[in-house]
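In: what follows is a predicted structure for the sequence shown.
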Amino acid sequence: MTNGVDLNQEALIAGNDPGGMLKALWNLPEQCEEAERIAQAIDVNFTATEIKNVMVTGLGGSAIGGDLLRVYAGDKAAVPVIVNRDYTLPAFVDASTLLFAVSYSGNTEETLSAYAQAKEKGAKIIVLTTGGKLGQLAEADGYPVIKVPGGISPRAATGYLLIPTIVIMAKIGLLPDAGDEIKDLTGHLRVLREHLKPAVPVEQNLAKQLATKFYNRLPVIWGVSGTTEVVAQRWKGQINENAKAPAYWAVLPELNHNEIVGFEKPENVLKQLEVVILRDRADHPRVQKRIEISKTIIKDAVSGVTEVYSSGNSTLARTFSLTYTGDYTSVYLATLYGIDPTPVKMIDFLKQKLAED
Ligand code: PA5
């Protein structure tokens, strides 16, 4: 029982989620399968030899898929994947760039601006959206549009916003075929959701346990370069947007060269930090060693340190096992705070204010 809220009361969790975030989470395996089908039907009229770099331009929930692609492709693709979260594009973008313009709503102004620049630069554009202005522009301009279903929050659409980029890169020959891996991923997610769903009591539900640890604390999520780095960022974003609470993230080994020094003062603030370290079997052996040492450095200064290990076989399954756990955790944290996870009033307010100009 936290804040008078009992996470074993399923009805209470459901009552706190009128926007249906939990339903969207539950449907993630089916979403990934549908995303694969949609992307397979897209025709692309260029080949791998024409591509020197891949860029994903987008923001927030539409950009995180790009980062997941960047890490996924890191040890598989012969070309770099770069994520752009801005109005403008770097100077190197040209006709040899495969540019995914990703906006779930299709109306995000930074992405629309980047799209216009990409068009000017002659990049090979593929749009990934539910529609909106971006969908209309791309159709009028004759670019391929991967149209995914609407009706959920962008951050709940990670399957729709990541899987098609993998499928398209594989189609072109920039990545190996991912069909078996996607199958492995969806199978694993189906198993995981049975462990994370609201009906599973706190005692057996890792996400509920983590939410309880995060309650009234400052979550700090550590990931590892090349494996769980984006997942740490994702946990932070999900806690921000779903639970409307602050959270911070950092990545090893880099954090061993700066952040690790900052666990001395102020002691009362440090005692509010609840640290989670995301671990994967592919973490570099020296980083694994670093984690062990780092834990001993911080453990007495902070409120708590928990390690969460990925599960599953393939890279995609292991990555999503951790994002899925973080997604559920953020929704249960929202329940503890009595907050509806779906609306993001501050983002909407900013978009509205900017649209007034
Ligand atoms: O999760 C959210 O709602 C946001 O992070 C959005 O994804 C972000 O504002 C960009 O909007 P869109 O995904 O529609 O381009």
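Out: Yep, that arrived.
In: checking the closest residue to residue 299 other than its chain neighbours next. Helix, strand or coil?
Out: Excluding the flanking residues, the one nearest residue 299 by CB to CB, 6 or more residues apart in numbering is residue 305, at 5.4 Å. For the C-beta atoms, the positions are set from N, CA and C on the backbone; glycine is no exception. On the three-state scheme (DSSP: H, G, I helix; E, B strand; the rest coil), residue 305 is labelled strand.
In: what residues does the stretch 251-357 of the chain put near the ligand?
Out: Contact residues (CB under 6 Å from any ligand atom) of the stretch 251-357 of the chain with the ligand: 344, 347.
In: and the helices in the stretch 251-357 of the chain?
Out: Secondary structure of the stretch 251-357 of the chain (DSSP state H, counting those that start in this stretch): helices located at 267-270, 285-298, 315-337, 345-355.
In: out of the ones you listed, deepest packed?
Out: Ranked by mean neighbour count, the helices of the stretch 251-357 of the chain are led by helix 315-337 with a mean of 26 (mean count of other CB atoms under 10 Å).
In: other SSEs contacting that one?
Out: Where contact means 3 or more CB pairs under 8 Å, 6 or more residues apart in numbering; DSSP states H and E, helix 315-337 is packed against helix 10-15, helix 21-26, helix 64-74, helix 179-196, helix 206-214, helix 229-243.
In: pLDDT on the fourth one, on average?
Out: What it means is helix 179-196. Helix 179-196 comes out with an average pLDDT of 98.
In: taking helix 315-337 as reference, get the angle to that helix.
Out: Helix 179-196 and helix 315-337 are oriented at 30 degrees to each other (axes from the mean of the first three to the mean of the last three CA atoms, to 10 degrees).
In: which residues does helix 179-196 contact?
Out: Contacting residues not belonging to helix 179-196 are listed as 25-26, 28-30, 32-33, 36, 163, 166, 200, 204-207, 311-317, 320-321, 324-325, 328 [CB atoms under 8 Å, 6 or more residues apart in numbering].
In: for the closest residue to the ligand within the stretch 1-150 of the chain, which non-adjacent residue is spatially closest?
Out: Nearest to the ligand in the stretch 1-150 of the chain, going by CB to the nearest ligand atom, is residue 60, at a distance of 2.1 Å. Once flanking residues are discounted, residue 60 sits nearest to residue 154: 6.3 Å by CB to CB, 6+ apart.
In: list the residues that contact the one you found.
Out: Going by CB under 8 Å, 6+ apart, the list of residues near residue 154 reads 60, 61, 62, 104, 105, 161.
In: and the second one, how far is that from residue 261?
Out: So the one you mean is residue 61. From residue 61 across to residue 261, the span is 33 Å (CB to CB, to the nearest Å).
In: who's more crowded, these two?
Out: residue 61 (25 against 10; other CB atoms under 10 Å).
In: so the more buried one, which of the three states?
Out: helix.
In: can you check the pLDDT for the residue lying closest to it once chain neighbours are set aside?
Out: Nearest residue to residue 61, sequence neighbours excluded (CB to CB, 6+ apart): residue 154, at 3.1 Å. Per-residue pLDDT puts residue 154 at 97.
In: got the domain ranges for the protein?
Out: According to automatic domain parsing, the chain comprises the domains 10-18+188-337, 23-177.
In: so can I have TSV of these showing distance to residue 355?
Out: Converted to TSV, those look like this (distance: least, CB to CB, whole Å):
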stretch	distance to residue 355
domain 10-18+188-337	20
domain 23-177	8
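In: to residue 346, which of the ones you listed lies closest?
Out: With CB to CB as the measure, domain 10-18+188-337 is the member of those nearest residue 346 (8.5 Å).
In: any idea how far the closest one is from the chain center?
Out: Chain-centre distance of domain 10-18+188-337: 13 Å, with CA atoms, centre = their mean, to the nearest Å.
In: just the endpoints, please. Distance across it?
Out: 16 Å (CA to CA, to the nearest Å).
In: how about stretch 257-275?
Out: Span of stretch 257-275 from end to end, CA to CA: 18 Å.
In: can you give me the buried ones in that stretch?
Out: Residues of stretch 257-275 classed as buried by neighbour count (16 or more other CB atoms under 10 Å): 259, 260, 263, 270, 273, 274, 275.
In: looking at the residues you listed, which is nearest the ligand?
Out: Using CB to the nearest ligand atom, these come closest to the ligand at residue 274, 23.0 Å.
In: show me what that closest one is bridged to.
Out: As for beta bridges, residue 274 partners with residue 219, residue 304 under DSSP bridges.
In: per-residue confidence for it?
Out: Predicted confidence (pLDDT) for residue 274: 98.
In: residue 214 is in contact with that one, correct?
Out: Yes: using CB atoms under 8 Å, residue 274 is in contact with residue 214, at 5.5 Å.
In: quick check: angle from the helix or strand encompassing residue 165 to helix 179-196?
Out: In the assignment (DSSP states H and E), residue 165 maps to helix 158-172. If you take the same axes, to 10 degrees, helix 158-172 sits at 170 degrees to helix 179-196.
In: for PyMOL, what selects the buried ones among the contacts of helix 179-196?
Out: Buried members of the contacts of helix 179-196, defined by 16+ other CB under 10 Å, are picked up in PyMOL with:
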select buried, resi 25+26+28+29+32+33+36+163+166+200+205+206+207+311+312+314+315+316+317+320+321+324+325+328
